[in-house]
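Visitor: Give me a model of this one.
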Amino acid sequence: MPRYTPEQLERRNASVWTKVQGILAPIQFLFFIAGLTVTLLYKTGAGIDDFAWVTFFVVLKTFIFVLIFVTGAFFEKEVFDEYVFAPEFFWEDVGSAIAMVVHISYFILFFMGLDENVLVWTALLAYLSYLINAAQFLIRLLVEKMHAKKAETQQAS
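Guide: Alright, predicted model coming up:
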């Protein structure tokens, strides 16, 4: 079953938020790769010994994640008339909410003064939660493309 009605598809294609999401998503992925790399290099002691770099990249990654979350809410409102948890994006929004909690927990633990080892594992968990959430969106996109191709093939027949 397609995610979008023809009217919703038209709104999606005309929405500035679709374009914004298309720009922010690859930027977020680059921040993810950079942050994960820095965190793993710090954890393994392979070249980065200043913990501030781990926190710097968690801050960048969390900032872009919040930005995508907010602009995604505007997208959902414009296309589905709900800011979050629209039925068409329910599980992706649940995944985003969980990832957001994990990202923000890093800062809570940081300001509580927890050990750097705990913070490194929290950063890694935040990156993993992002990766799972991004996979949700990518899988859904691939399924939509398969359905669209199948529909085109049926119409051509």
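Visitor: Quick check: which helices or strands does the longest helix seen in the chain pack against?
Guide: For the chain, the helix with the greatest residue count under DSSP state H is helix 116-156. Packing partners of helix 116-156 (3 or more C-beta pairs under 8 Å, 6 or more residues apart in numbering; DSSP states H and E): helix 16-44, helix 52-80, helix 90-111. Every residue, glycine included, has its C-beta placed from N, CA and C.
Visitor: which residues of the chain score low on pLDDT?
Guide: For the chain, the stretches with pLDDT under 70 are 1-2.
Visitor: what do you get if the cut-off is 90, keeping everything else the same?
Guide: Scanning the chain for pLDDT under 90 picks out 1-6, 9, 45-49, 88-89, 137, 140-157.
Visitor: How about residue 100: what's its closest non-neighbour residue?
Guide: residue 69 (6.1 Å; C-beta to C-beta, 6 or more residues apart in numbering).
Visitor: Okay, that neighbour and residue 147: tell me how far apart.
Guide: 26 Å (C-beta to C-beta, to the nearest Å).
Visitor: Neighbour count for the two, which is higher?
Guide: residue 69 (16 against 13; other C-beta atoms under 10 Å).
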